[in-house]
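S.K.: No letters, just coordinates:
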C-alpha cells in the first residue's frame, strides 16, 4: 500500500532523511515516531507529496508518487497537526468545499459528505458555525476533511493534541474504527496512545530508521532481565542487605521517595525466574513492610528513549534481540483488557 525505497532528502549539505526504506501493508495502523528534528515530519511531507525526495522512490497503492503525483495524492487523506479550518463555515459547508477541492465527482459529493459526517460523529453539529465548536469537535472536522474522497491512506499528525481525556478517548476509538477501512500512518508524541492504537511502529532518529516492529516486541527487546518494582517502608534501612541474601539480585535502585514516607525501588535480577516470592519472604524476615510488589515491564516510551539514545551498533543489537513469544502474547492480552 505504502512503500518507500531508499528515500533521501537533502537541504544543501544537510541530510534530513538518510536512505530510508519501509513498507506499510493495506489495513495497517502504523505509528511514526521520532524526536524533534529526526526527519519524521520530512518523511510525512514526502509521502503526502508536499515535498519531493532528493533520491529514492515512493509508491502509494503501487503508484509512483514522483511520476504520477496527482494519481498518488488521490489515495491520500492528510490531517496536519494544525488544520486550517474556515471558522465562519459550518462543518457541512467546509466538507462540501473540501469535496470540490479534491474533485470528488458532483453526483457523489452529497453522499460522500454525509458518509464522512456520520463516520466522524458530526451529525449534531454539522450546521453549526465551526468557530463556536469545542476543540474536540474542531478536531473531528479536521479528521472529516482528510476522509473526504474516501482515500485509501490516512496520514494523521498529532490527531489528539490539545484535547481533554474524554475527547482523546473518542478520537482514539474513531481512529481504530477507521483502521478497518483505511491504511493509517499516525504521528504522536503520546507514546502510550501509539502503543494502544498501532500494530506497528517505525522509529526515526537523525534521519535514519532505528526500529520497525510491533509495540509489544519493542517493549520486550529493551527489557533487561527480570525486574521487580517494590514500594516499602524500611525504617531500619535494611533493603540493600537483601542483595546478599538473594544471589539473583543484580541491583537495588531507589526510584523515588513518596509523600507518605514510603520508598519505591527497582530490583534488577539476572534470571528469568520470578523471584517475587523470595523477595517477599526475605523482606518479611528483615521487617521491611511491603506496600506494593509487582513485575516491572518496559513501555514503548522506554523502548523509544533507549533506541534514540544508543549508538548505531547498539541499536542494531537491540532491534535484533530475540523476543519470547509467550512474553509478547501476555502483553498483547493485557493491552486488550485495558482497551
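M.R.: Received the coordinates, thanks. All figures in this text were calculated on a predicted structure; none of them were measured in a lab.
S.K.: And the strands in the stretch 151-300 of the chain?
M.R.: Secondary structure of the stretch 151-300 of the chain (DSSP state E, counting those that start in this stretch): strands located at 153-157, 183-187, 200-205, 208-213, 226-233, 249-257, 263-269, 289-295.
S.K.: For residue 121, find the nearest of these.
M.R.: Of all those, strand 153-157 sits nearest to residue 121, with 16.2 Å by Cβ to Cβ. (Glycine included, C-beta is placed from N, CA and C.)
S.K.: What is the burial count for residue 298?
M.R.: Residue neighbour count, defined by other Cβ atoms under 10 Å, stands at 17 for residue 298.
S.K.: Now the phi/psi pair for it, please.
M.R.: Backbone torsions of residue 298, given as degrees, to the nearest 10, read phi -70, psi 150.
S.K.: if we can go back for a sec, same list (the strands of the stretch 151-300 of the chain) but as TSV, adding distance to residue 44 and mean pLDDT.
M.R.: Below are the strands of the stretch 151-300 of the chain laid out as TSV (distance: least, Cβ to Cβ, whole Å; pLDDT from 0 to 100):
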stretch	distance to residue 44	mean pLDDT
strand 153-157	6	95
strand 183-187	6	95
strand 200-205	10	94
strand 208-213	14	94
strand 226-233	35	90
strand 249-257	36	89
strand 263-269	36	90
strand 289-295	36	92
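S.K.: could you dump those strands to TSV with distance to residue 32 and mean neighbour count?
M.R.: Output for the strands of the stretch 151-300 of the chain, formatted as TSV (distance: least, Cβ to Cβ, whole Å; neighbours: other Cβ atoms under 10 Å):
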stretch	distance to residue 32	mean neighbour count
strand 153-157	9	23
strand 183-187	5	23
strand 200-205	5	23
strand 208-213	10	20
strand 226-233	29	18
strand 249-257	31	13
strand 263-269	31	18
strand 289-295	30	13
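S.K.: So for residue 49, which of those sits nearest?
M.R.: Taking Cβ to Cβ, strand 153-157 is the member of the strands of the stretch 151-300 of the chain nearest to residue 49, at 10.6 Å.
S.K.: and the angle for the closest one with strand 183-187?
M.R.: In terms of direction (axes from the mean of the first three to the mean of the last three Cα atoms, to 10 degrees), strand 153-157 departs from strand 183-187 by 10 degrees.
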